[in-house]
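A.B. asks: Generate a structure from the sequence data that follows.
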Amino acid sequence: MSEIHNVIIIGSGPAGYTAGLYAARAMLEPLMFAGYMSGGQLMLTSDVENFPGYPKGIGGPEMMMELREQAERFGLEVRDQNVESVDLSEKPYKVVVEGETFLTHAIIVSTGAESIWLNAPGEEQQKGRGISTCATCDGAFFKNEEVLVIGGGDSACEEATFLTRFASKVTLIHRHDVFRASTIMYDRVVKHDKIEVKTFRQVKEWLSDEKGLTGAVLEDPRDGTLENISVSGAFIAIGHKPITGFLGGQVEVDGEGYILHKKHTMTSVEGVFAAGDVVDTRYKQAITAAGMGCQSAMDVEKWLEDQH
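C.D. replies: Numbering: from 1, shown residues only. Predicted coordinates:
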């Protein structure tokens, strides 16, 4: 516990690994706690085709391994452990990992946001094999196919509208008959000739064969009646939950728990920075997360220089 690190990066994914790459190249000797499930949400994405520099696309897990390898080549130390808590009440800051305490001058939080899943039977087996939480990432894989979107907010309506570029038909289901989406977003959906809206529907079970997703059993929550729908793709758009519990409320967040930036990428606590989907409520893309990871590392470097 006697050693004081220049910067500890909490979380991995595109934001964390890019922050680690830049911090390592700046000779800050960064230490990263990547988590037991290192790599972030891209570990659940079969193919990434919208990240610059990969003209033939690349598997999500493969891309994360390459990002990690690149950062480690410049000196990033990565430990696949979860951070239990942090103490930001005094400097140097304390980061507790499996009962062990690490001291650091600065912290970059890049823990991301978890997509909220339905957890319906058959879902776990089809994640990344037909069931997705990102139409922008995976929509192009379903050209001229029928897909299902689940949700009742702006995100669900945006996903459904976006998917009409590729799919032959999009069915949007919502467990209620009143949508939380804005009027303009909802109107686009109901007026689109490729989208069918079904209210009072929820997924009871996913259907699949050896090739992947084949459909779902839909249930009417009012009376339990069932119907089958045949689709080769499904997009769950019921929200995200930022991973910030370990911060113990010491950093200012918005009403949904996303960390707020105060000056560039610095949070409400001086010396604590944040990057990626733990901050981003709008874009949620690998490229934007990586960009913010770069910014956070550069901000840390400048901040540390100013402390001397």
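A.B. asks: Pretty sure Ile116 sits against Ile238.
C.D. replies: Yes - Ile116 is in contact with Ile238 according to Cβ atoms under 8 Å; the separation is 5.1 Å. C-beta coordinates here come from the backbone N, C-alpha and C atoms, glycine included.
A.B. asks: Of the two, give the one with the bigger neighbour count.
C.D. replies: Between Ile116 and Ile238, counted using other Cβ atoms under 10 Å, the more crowded position is Ile238 (17 against 14).
A.B. asks: Starting from Lys169, give me the distance back to the more buried one.
C.D. replies: Going from Ile238 to Lys169 by Cβ to Cβ, to the nearest Å gives 21 Å.
A.B. asks: Same question for Arg201.
C.D. replies: Taking Cβ to Cβ, one finds Arg201 at 15 Å from Lys169.
A.B. asks: Could you list the low-pLDDT ranges of the stretch 1-150 of the chain?
C.D. replies: Along the stretch 1-150 of the chain, segments meeting pLDDT under 70 span 1, 44-46.
A.B. asks: if we go to 90?
C.D. replies: Applying pLDDT under 90 to the stretch 1-150 of the chain flags residues 1-2, 36-50, 59-60, 114-115, 128, 134, 136-137.
A.B. asks: Have a look at Arg201 and Lys169 and say which one is more surrounded.
C.D. replies: Legend: neighbour count by other Cβ under 10 Å for Arg201 and Lys169, higher for Arg201 (22 against 16).
A.B. asks: How about the secondary structure of the closest residue to the more buried one other than its chain neighbours?
C.D. replies: Take Arg201 and drop its neighbours on the chain: the residue closest to it by Cβ to Cβ, 6 or more residues apart in numbering is Ile173, 3.9 Å away. At Ile173 the chain is in strand, as set by DSSP: H, G, I helix; E, B strand; the rest coil.
A.B. asks: contacting residues for Ile173?
C.D. replies: 148-150, 197-199, 201-203, 218 (Cβ atoms under 8 Å, 6 or more residues apart in numbering).
A.B. asks: cutoff 6 Å now
C.D. replies: Applying Cβ atoms under 6 Å, 6 or more residues apart in numbering, we find Ile173 in contact with 150, 198, 201.
A.B. asks: Nearest to Leu260 among those residues?
C.D. replies: Proximity of the contacts of Ile173 to Leu260 (Cβ to Cβ) peaks at Ile150, which lies at 29.1 Å.
A.B. asks: Look up phi and psi at that closest one.
C.D. replies: Backbone geometry at Ile150, expressed as degrees, to the nearest 10, gives phi -120, psi 120.
A.B. asks: do you know how far it is from Arg175?
C.D. replies: Distance from Ile150 to Arg175, by Cβ to Cβ: 9 Å.
A.B. asks: biggest strand in the protein, by residue count?
C.D. replies: Secondary structure assigned by DSSP state E gives strand 100-109 as the longest strand of the chain.
A.B. asks: quick one: contacts of that strand?
C.D. replies: Here strand 100-109 has contacts from 1, 4-10, 19, 92-95, 271-274, 278, 296, 300, using Cβ under 6 Å, 6+ apart.
A.B. asks: Give me the buried entries from the residues you listed.
C.D. replies: 5-10, 19, 93-95, 271-274, 278, 296, 300 (16 or more other Cβ atoms under 10 Å).
A.B. asks: In strands only, show me those.
C.D. replies: Short answer: those in strands (DSSP E) are 5-10, 93-95, 272-274.
A.B. asks: Make a markdown table from those residues and add distance to Asp209 to it.
C.D. replies: What follows is those, written out as a markdown table (distance: Cβ to Cβ, whole Å):
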| residue | distance to Asp209 |
| --- | --- |
| His5 | 50 |
| Asn6 | 52 |
| Val7 | 48 |
| Ile8 | 46 |
| Ile9 | 42 |
| Ile10 | 40 |
| Tyr93 | 51 |
| Lys94 | 51 |
| Val95 | 46 |
| Val272 | 48 |
| Phe273 | 46 |
| Ala274 | 42 |
